[in-house]
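# can you look at this prediction? I've put the sequence above it.
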Number of protein chains: 2
Amino acid sequence: MTYDLWYWDGIPGRGEFVRLALEAGGIPYRECARQPGADEGALVADLSSARKHPPFAPPYLVAGKMTLAQTANILLFLGEKHGLAPDSLEGRLWVNQLQLTIADVVAEAHDTHHPISASEYYEDQKVEAARRARCFREERMPKFLGYFERVLEGPQAWLAGGKRWTYVDLSLFHLVDGLLYAFPKRMATLAVHYPKVMALHARVAALAELQPYFESGRRLPFGEGIFRQYRELDAA
Amino acid sequence: MTYDLWYWDGIPGRGEFVRLALEAGGIPYRECARQPGADEGALVADLSSARKHPPFAPPYLVAGKMTLAQTANILLFLGEKHGLAPDSLEGRLWVNQLQLTIADVVAEAHDTHHPISASEYYEDQKVEAARRARCFREERMPKFLGYFERVLEGPQAWLAGGKRWTYVDLSLFHLVDGLLYAFPKRMATLAVHYPKVMALHARVAALAELQPYFESGRRLPFGEGIFRQYRELDAA
């Protein structure tokens, strides 16, 4: 079965966490909003179409008769079905727990540039963004990165502890990638304190399973999504 | 087995979503931070203790050798193990998806009073809070409530569509309860547009399974947690 993945075109966004799992798992999927003739209107129309289980927002995955939304929920499904998560219930719940913690960081990273409203311009909330970004850089980034560093057992470890990566390793890679893009100065200061997290980032970047994707041009660069490069929001 | 639930004492907080499932399911648990002699220090000490799977933050549930954190993840476990979710994989993923959407609303509701930083005083971010709360009241509340209204098939329906409530019905009840507390004027305006959501709120409030809990005094009132009653953040 080829899955249908629906997400806004033009940004990696939350869809990228799902894409990385699909790509690394060698799972066939269609990127619906990037099909010939599709545009933002196609997604809006599909999102509001009648469904047994309507999504609140993209990303969502259509798997035969099922429609699944919420990034962590889609990954929970893919992880179990395609062997991208541990076999045991305990292991799967642990990976889900870590994924939800990553989702929390992602939401906070987004709010550094949109602390008042996602539907207002950045320019209209720049002052508040500067304050929120400072708290995120100084308090939240070390706290979250320190947590993942504590979870990793060694420089060659995966988050779930087994011999093979699981989907949450791909997600931590993408999170770190986003932080490196949005907060390069801050990450230059912090990275040395989280060697296991940075080693995991490098190992996922080098995974043989992901090279075809990275070389394909399908992986969109960061830009106007969750992770944005506003120099005034970054500092060492 | 009696579960150990760890959460900050004094507020319902995110712990309340777990508590409602445990109570309605008749599942034995200990509220660890409220045991005689326990205080905030006990939770901090337990949270930082060595564990195979450390939580990032409360609430977390100790189930024998397993420790589970992240509200939606704990509920996923309890739902499957204790029959508080649909039997089918599709049904369980749907309930998880809705729970994660509720978690998104909860995070946004919290940020109405702490849009800059959770570790700074409300008084030091009142101006920003007023702006964020207005966006939440005017855009986000109707959007989220409208979504749940659309999901519910009728005035007697549960979110997962079966004949019995699932844990996400309890969670939507608590979310609406929190919104009624924090935004009474706004909810007075909105409620009439979401009759199925409000009917579900009333039906959960009347569930026989929950009456012993409601009457016990164990259910803490809202106060200094996620849902707060700052009159200046509410408006019709």
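Alright, I've got the coordinates. Bear in mind the structure is a predicted one, so any value in this text is a computation, not a measurement.

# could you use CA atoms for every contact and neighbour count after this?
OK.

# pull up the pairing partners for the helix or strand hosting A:V62, direction included.
Here A:V62 sits within strand A:60-63, counting by DSSP states H and E. For strand A:60-63, the paired strands and their directions (DSSP bridges) read strand A:3-6 (antiparallel), strand A:66-69 (antiparallel).

# out of those, which is closest to B:E16?
Closest of the strands paired with strand A:60-63 to B:E16 is strand A:66-69, at 24.4 Å (criterion: C-alpha to C-alpha).

# mind checking the pLDDT average for the helix or strand following that closest one?
From strand A:66-69 onward toward the C-terminus, using DSSP H and E, the following helix or strand is helix A:71-81. For helix A:71-81, the mean per-residue pLDDT is 98.

# what of stretch A:215-228?
Stretch A:215-228 shows a mean pLDDT of 95 in the predicted model.

# how about the residues of chain A near chain B?
Chain A comes close to chain B at residues A:53-54, A:56, A:66, A:68-70, A:73, A:77, A:90, A:93-94, A:96-97, A:100-101, A:115-117, A:128, A:131-132, A:135, A:147, A:151, as judged by C-alpha under 8 Å from any C-alpha of the partner chain.

# which pLDDT value belongs to A:L145?
With respect to pLDDT, A:L145 has a value of 98.

# my bad, A:Q156
The predicted structure scores A:Q156 at 87 on the pLDDT scale.

# what's the burial count for it?
For A:Q156, the neighbour count with other C-alpha atoms under 10 Å in any protein chain shown is 13.

# how about it, what does it touch?
Neighbouring residues of A:Q156 by C-alpha atoms under 8 Å, 6 or more residues apart in numbering or on different chains: A:K196, A:A199, A:L200.

# could you break chain A into its assigned domains?
Per the record, chain A has its domains at A:3-82, A:89-215, by the TED database.

# measure the longest one end to end?
Domain A:89-215 has an end-to-end distance of 35 Å (C-alpha to C-alpha, to the nearest Å).

# cool, the shortest one as well?
Distance between the boundary residues of domain A:3-82 (C-alpha to C-alpha) amounts to 13 Å.

# centre of the chain to that domain, how far?
For domain A:3-82, the distance between its averaged C-alpha position and the chain's averaged C-alpha position is 13 Å (C-alpha atoms, centre = their mean, to the nearest Å).

# likewise the longest one?
Using C-alpha atoms, centre = their mean, the distance from the centre of domain A:89-215 to the centre of the chain it belongs to is 8 Å.

# let me know the outermost residue of chain A.
A:A50 (27.6 Å; C-alpha atoms, centre = their mean).

# how near is it to B:D177?
Going from A:A50 to B:D177 by C-alpha to C-alpha gives 29 Å.

# what comes up buried for the helix or strand of chain A with the lowest mean pLDDT?
Averaged element by element with mean pLDDT, DSSP states H and E, chain A has its least confident helix or strand at helix A:40-47 (a mean of 91). Within helix A:40-47, the residues that qualify as buried are A:A42, A:L43, A:L47, counting by 16 or more other C-alpha atoms under 10 Å in any protein chain shown.

# for the closest residue in space to the last one that isn't next to it in sequence, phi and psi?
What that stands for is A:L47. Taking C-alpha to C-alpha, 6 or more residues apart in numbering or on different chains, and ignoring the residues beside it in sequence, A:L47 has A:P55 as its nearest neighbour in space, at 6.9 Å. Summarising the backbone geometry of A:P55 under the convention degrees, to the nearest 10, its torsions are phi -80, psi 150.
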